[in-house]
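> Quick one, fold the following:
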Amino acid sequence: MVFYECVITTRNTTGFTKLTSLMKSLSHKVVDGGGIVRSIQNHGIRNLPHRFKAKFADNEGTRYYKKGRFISIYYDSNPTIQKEVETILKLDEQVLRNTHLKARNKLWYVNIARMDKNPYIQKAMELERERAGK
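Predicted structure coming up:
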């Protein structure tokens with residue numbers, strides 16, 4: 001299982017019922033695939049770095065957005081489920097952009113098998129060398 005972070009940018013005019021149904025469908029897809037949803041965070045409405053264009057105009061005819069709602073979802077799953085989550089996000093009309101990252105935390109460094117890439121093992125080896133030199 002891989003720990004993923006997905007940052008989603010949606011239209012700022014999207015209602016909470018549509019957002020919650022989107023998050024529920026993503027969560028159900030991850031859990032049904034044997035994964036774990038660790039956290040969903042709503043970062044609120046923020047200014048976009050540049051004007052984003054939606055695939056289709058909304059009910060009011062707006063297609064270009066200067067503001068968007070940012071949402072992060074953190075989950076563990078296998079890569080096939082991650083691809084399915086991406087397809088759900090691509091098909092949703094409310095989503096302007098999405099980015100998947102392979103999130104790294106401190107446990108990722110502990111689990112690295114290669115000693116030259118693991119900073120904790122390097123620190124322990126350095127301490128042993130210092131003790132042996134004294």
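
> From now on I want contacts and neighbour counts done on CA atoms only, so please keep to that.
Fine.

> Name whatever forms a beta bridge with residue 68.
Taking DSSP bridges as the rule, residue 68 bridges to residue 11, residue 46.

> and it, how far is that from residue 76?
For residue 68, the distance to residue 76 equals 26 Å [C-alpha to C-alpha, to the nearest Å].

> what's the answer for residue 60, then?
Distance, residue 60 to residue 76, using C-alpha to C-alpha: 38 Å.

> When these two are compared, which one has more neighbours?
Between residue 60 and residue 76, residue 76 has the larger neighbour count (other C-alpha atoms under 10 Å), namely 21 against 6.

> ok, and the closest non-adjacent residue to that one?
Distances taken as C-alpha to C-alpha, 6 or more residues apart in numbering place residue 3 nearest to residue 76, at 4.4 Å, with adjacent residues excluded.

> before we move on, what about residue 79?
Nearest non-adjacent residue to residue 79 (C-alpha to C-alpha, 6+ apart): residue 2, at 7.4 Å.

> wait, doesn't the one you found sit right on residue 74?
No: taking contacts as C-alpha atoms under 8 Å, residue 2 lies outside contact range of residue 74: 10.6 Å.
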